[in-house]
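*Asks:* Pasted the sequence and its predicted model underneath.
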Amino acid sequence: MTAEASAQITELAVDDHACLTFGEEEELLDLTAAFVRDGLAAGLKVVWLSDAAPQLAAGELARRGVAVQSAMARGQMTAAGSEGRLLAGQAFRADAAVGWLTRQIALASEAGFAGLRVAVDMGWALRPVTGVEELPRFEEGIATVLGGGTASVLCQYDRGRFDPVTLASVAAFHTCSVAAATYYADAVLRICRQYAPAGIRIAGEIDYQAEEPLALALAEAVRLEGDVTFNMAGLAFADALCTAMIADAARTVSASRQVVLCCQSGVAAGFARLGVVGLPRVSLVTADDR
Amino acid sequence: MTGDRARREAGNGSSGGTPSELAPLEQEFDAGSLYALRSAVAAHAAAAGLPPAQVYDVVLAAHELAANAVRHGSGHGRLRLQAADGVLTCQVTDAGPATASGDEKPDARARPWSAEHGHGLWVIGQVASQFAVDYGPAGTTATAVFTFR
């Protein structure tokens, strides 16, 4: 069972105006990293607007395998805050914001890029900003600007902080919705796809009662192309069965590709007991030391 | 759910003070309360003075013993955790058979990790200082002992 999402982050194309709803910072950064990574690889200009972006971009995206520093150095990527772009003196006007986007599309073309990708963290709309009621009109305006076959926009909404009415009012203007494919989620455990670097993420505590969704997640991870990361940095407990299942998956993948097991020391000890640590192509990264 | 109820006994009459005087933890469990059980065991083992890595081992052993009772025994059971004289004892009792067949006494240290049913018991044998399973007509009692590092 995977989450309802009309598109995977890796499937977005030009002219897409996608709505990303995220539930936690880790999910936002993972999906943003995949969006940026694929844009840079396609030779597009990439802009990430987030009030935390300039500080976070280099460290967080680089940690996920995106060569963001070199892209910023050569002008292929810009990470900036919303002030001076979507906002002017903490005031928002939809027409001005759409105008900013239109200029970015033109500038990317003039600079010789094949197109433009823009990720916009909408967290600014949660602050006391005048004109925030124009947010739906901004989203409608983005839809009219796109269509030229060169640009795509990823709007990022925190589903825990934006009210359902606002989310519903802007949803209709997007061409698709994006969220991390989720195999299991409750108050104790979350198992979902990780996009950058590719693999799965397991957080919380896991035991034999999650055997079925874990088996599905591992089966899909094994089928992914390239190196595979099992991100268990947020996993506080794994029982013997689940540890053995993950170890078996790592053995299967490592026959042809690199495997990274990122976990806390207690979980790491379980993998060590099973002899996974010494296997060629398997790296064990202890999250406590990151 | 039976496992939400935790009871600490009065022990030998003393209370508080050094970790060695910590009153035992007694808690019932079933499939729906294993998370709460792990939480209680972690808190008790830490309060007893075990280092974090050994606390994790105790939680792992307690979980595997309890999960064994839930999956292959009566479906529920009772855990008792007691620290005294530099030793922490984790004991799980249940009214059902300890193995699927009910007549085979598992040798924890001899079982390979790939044996699914025995894997949990194998892990306990790896992390505990001593481990024993006692089979009686009234049920099974499994005991894992941890010497303070």
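*Replies:* Ah, there it is. Nothing here was measured: the structure is a model prediction, and the numbers come from that model.
*Asks:* Would you state the strands of chain B in chain order?
*Replies:* Taking DSSP state E as the test, the strands found in chain B are B:6-8, B:25-30, B:76-84, B:87-94, B:130-136, B:139-147.
*Asks:* Chain A: which of those strands is closest?
*Replies:* strand B:25-30 (11.7 Å; CB to the nearest CB). For every residue, glycine as well, the C-beta is placed using N, CA and C.
*Asks:* Show me what the closest one packs onto, helices and strands only.
*Replies:* strand B:6-8, helix B:34-47, helix B:52-72, strand B:76-84 (3 or more CB pairs under 8 Å, 6 or more residues apart in numbering or on different chains; DSSP states H and E).
*Asks:* Of the ones you listed, give the one that comes closest to A:Leu274.
*Replies:* Of all the helices and strands packed on strand B:25-30, it is helix B:52-72 that lies closest to A:Leu274, at 13.2 Å by CB to CB.
*Asks:* tilt between that closest one and strand B:25-30?
*Replies:* Inter-element angle recorded for helix B:52-72 and strand B:25-30: 40 degrees (by axes from the mean of the first three to the mean of the last three CA atoms, to 10 degrees).
*Asks:* Stretch B:133-141 vs chain A: in contact?
*Replies:* No: figure legend: stretch B:133-141 not in contact with chain A (CB under 8 Å from any CB of the partner chain); closest approach 15.9 Å.
*Asks:* for that stretch, the distance to its chain's centre please.
*Replies:* 14 Å (CA atoms, centre = their mean, to the nearest Å).
*Asks:* again with stretch A:29-45
*Replies:* 9 Å.
*Asks:* Adding mean pLDDT, write the helices and strands packed on strand B:25-30 out as JSON lines.
*Replies:* Output for the helices and strands packed on strand B:25-30, formatted as JSON lines (pLDDT from 0 to 100):
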{"stretch": "strand B:6-8", "mean pLDDT": "38"}
{"stretch": "helix B:34-47", "mean pLDDT": "97"}
{"stretch": "helix B:52-72", "mean pLDDT": "95"}
{"stretch": "strand B:76-84", "mean pLDDT": "96"}
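*Asks:* Columns distance to chain A and mean neighbour count on top of these, output as TSV?
*Replies:* As requested, the helices and strands packed on strand B:25-30 are exported to TSV (distance: least, CB to the nearest CB, whole Å; neighbours: other CB atoms under 10 Å in any protein chain shown):
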stretch	distance to chain A	mean neighbour count
strand B:6-8	18	13
helix B:34-47	5	20
helix B:52-72	4	24
strand B:76-84	15	21
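*Asks:* burial of A:Thr24, as a residue count?
*Replies:* Heads up, residue A:24 is Glu, not Thr. Residues near A:Glu24, counting by other CB atoms under 10 Å in any protein chain shown, number 16.
*Asks:* And the pLDDT for it?
*Replies:* We note a pLDDT of 87 for A:Glu24 in this prediction.
*Asks:* Next: the one 5 residues further on.
*Replies:* You'll see A:Leu29 listed with a pLDDT of 92.
*Asks:* So it: helix, strand or coil?
*Replies:* Following DSSP: H, G, I helix; E, B strand; the rest coil, we place A:Leu29 in the helix state.
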